[in-house]
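K.L.:
Attaching a predicted model along with its sequence, questions to come.
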Amino acid sequence: MPDARVRTRFAPSPTGALHFGSVRTALFAWLTARHAGGDFILRIEDTDQERYIPGSEALILETLSWLGLNWDEGPEVGGPHDPYIQSLRIATYREHAEKLVDGGHAYWCTCTPARLAAMREAQRARSEPTRYDRRCLTRQADVTQEREGGMAAVVRLRMPDGVSDWDDVVRGRVSFANSDIDDQVLLKSDGFPTYHLAVVVDDHLMEISHVIRSDEWIPSTPKHLALYAAFGWDVPRFAHVPAVLGPDHQKLSKRRGARNVLEYGELGYLPSAIVNCIALLGWSSGDEQEVFALEELCQRFTLERVNPAAAIFDPKRLDDLNGIHIRRMSTDELVEALEFHLPGTSKETRRMLVPMLRERMVTLADATRLCAPLLGEVKLDLSIEFPPKKVDQATAVAMIDACIEAVEEGALEDHDAMLERLRAVAERSGVKSRDAFRVLYIAILGTPAGLPVIEAMEFLGKEKTLQRLREARARLG
RNA sequence: GCCCGCAUCGUCUAGCGGUUAGGACACCACCCUUUCAAGGUGGUAACCGGGGUUCGACUCCCCGUGCGGGUACCA
């Protein structure tokens, strides 16, 4: 590569939403570009009309934007190689296919699907690799006539003899015997290119320096290499990143129920945590740091440190990282981020809530549950023991009475003093304060576990607090 | 069937001929503590098998096994 500029691309097909596997490939490509100060290109590979799912292109753009993976060239932003949508580039592929035919690197074929199927079946029966038998290559004059007569035809790559090999950035040397490789169809009978033609033509035209894609493409790389050679083009670097597997050890796929990444946003996961988590799926820094902001990843990420083995996505790890990323957010950021999960609350309200919430959320959605007793009424749950275990009736009464007295006297102003008073009551009763306090938690929050109770009382204010305490007192008889 | 890739705790991984095989998640225990969390400390837990190469293999080579992928006018 004479041109040193790093240019990577993410080239999804609009066949549905993005899942962790596809997003991770995008992330690795994006990071490679950003790390090198190069360009990241987004290209839509919609050469299969049958699999096209309307709306998925918008979904893809939205997902990448949400994660912060911006593109320098591509849909919406344009660029010097516009258009970045393959269905709009059909003429280009056709020209290139014809060029290949003229140069003897490809040929027209009119074999029917039925014939091809029978051929492959026979090959399999003979323990041979399944590949096109080049029947049409030996009867090109007839094929030309058939095409003129209106018969459906495709263009096939004439796979050269020899060996195909390359130095894969993540796997090292990979090689194939060309004799095992099929004469791939390059141009379909509907006039659309196949992936193989389109990807090579576009990657070259768009000056892609590093082809970063999932490892399912390894077996077709020899075809691409043959195409680069036939065109006389320089070959980019290839980096085949491993698959992401689900808990069932199967590759993540839409039809197996892999979640749309955007859904994680609705569930209260942060883009930064998702990015951090999937970066760690196959990549490691080399030292012991595992929590990264996006900017740090740009700095540290290199393809050379990508592990070639497939990885299983662990939702527990995402939870952990999400909590960490939440705790790293400023109060202002949380006030903003929580708007969706605490609907109807004002900024001021959220600002009061955030200090109580920060250490207690795994996802932002936890705020909804945690704050419910403060934003609405307490739910009386009779399945919750009251007074709780290890607390006798007299102690429970004493705790509540003391709390009522303290609140009436305005002790909510001073958390420490409040705490001391209540602690003293527990101590006099001979009950551990951790147990005695549960009485208050149930009274104020309706559950023995939740937001810190003194802070909660302050949030509720004197009136509501006293009301809840008295109701609880009444339950004790 | 044919071809390719991969292989360290349950999971994500470090390791790049000589290490008490390290870290993180999860799990367990303890500490801290106004509950729950968060935080702190400690613990359980791994080199797929067999052959080589070497003074010495988790590390290199071969075979096997397992898993994944490809084998389309899908990407």
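P.N.:
Okay, I see it. Numbering: from 1, shown residues only, chains lettered A, B, ... in the order given.
K.L.:
show me where pLDDT drops low in chain A?
P.N.:
Applying pLDDT under 70 to chain A flags the ranges A:1-3.
K.L.:
could you redo the last one with a cut-off of 80?
P.N.:
Within chain A, the ranges that satisfy pLDDT under 80 run A:1-3, A:253-257, A:380, A:477.
K.L.:
all strands for it, in order.
P.N.:
Taking DSSP state E, the strands of chain A run over residues A:7-10, A:39-42, A:106-109, A:154-157, A:163-168, A:172-177, A:185-187, A:210-214, A:237-241, A:244-245, A:311-312.
K.L.:
Deepest-packed of these, please.
P.N.:
Sort the strands of chain A by mean neighbour count, taking mean count of other CB atoms under 10 Å, and strand A:7-10 sits at the top with a mean of 26. In short, each C-beta sits where N, CA and C put it, glycine included.
K.L.:
Counting by contacts, list what it packs against.
P.N.:
Packing partners of strand A:7-10 (3 or more CB pairs under 8 Å, 6 or more residues apart in numbering; DSSP states H and E): helix A:20-36, strand A:39-42, strand A:210-214.
K.L.:
which residues does residue A:213 contact?
P.N.:
Contacts for residue A:213 (CB atoms under 8 Å, 6 or more residues apart in numbering) come out as A:11, A:25, A:239, A:240, A:241.
K.L.:
Apart from its chain neighbours, what residue comes closest to the first one?
P.N.:
By the measure of CB to CB, 6 or more residues apart in numbering, the closest residue to residue A:11 outside its immediate chain neighbours is residue A:43, 4.5 Å from it.
K.L.:
Equivalent analysis for the fourth one, please.
P.N.:
Leaving aside its chain neighbours, residue A:240 sits nearest to residue A:215 (4.2 Å; criterion: CB to CB, 6+ apart).
K.L.:
can you list the domain ranges for chain A.
P.N.:
Listed domain ranges for chain A are A:7-75+A:194-244, A:95-187, A:254-330, A:331-376, A:377-476 (source: automatic domain parsing).
K.L.:
Highest mean neighbour count out of the ones you listed?
P.N.:
domain A:7-75+A:194-244 (a mean of 20).
K.L.:
gap between the two ends of that one?
P.N.:
End-to-end span of domain A:7-75+A:194-244 (CA to CA, to the nearest Å): 24 Å.
K.L.:
anything in that domain sitting right up against RNA strand B?
P.N.:
Yes. Domain A:7-75+A:194-244 comes into contact with RNA strand B (CB under 7 Å from any atom of the strand), by way of A:11, A:13, A:15, A:45, A:47-48, A:50-51, A:194-195, A:215-220, A:242-243.
K.L.:
I'd like to know how far the nearest residue to residue A:156 once chain neighbours are set aside sits from residue A:152.
P.N.:
Leaving aside its sequence neighbours, residue A:156 sits nearest to residue A:183 (CB to CB, 6+ apart; 4.4 Å). Separation of residue A:183 from residue A:152 (CB to CB, to the nearest Å): 17 Å.
K.L.:
next one: residue A:454
P.N.:
Counting by CB to CB, the gap from residue A:454 to residue A:152 is 78 Å.
K.L.:
who's in contact with the nearest residue to residue A:309 once chain neighbours are set aside?
P.N.:
Excluding its sequence neighbours, the residue lying closest to residue A:309 (CB to CB, 6+ apart) is residue A:242, at 5.9 Å. By CB under 8 Å, 6+ apart, the contact list for residue A:242 reads A:170, A:214, A:215, A:282, A:306, A:307, A:308, A:309, A:310, A:311.
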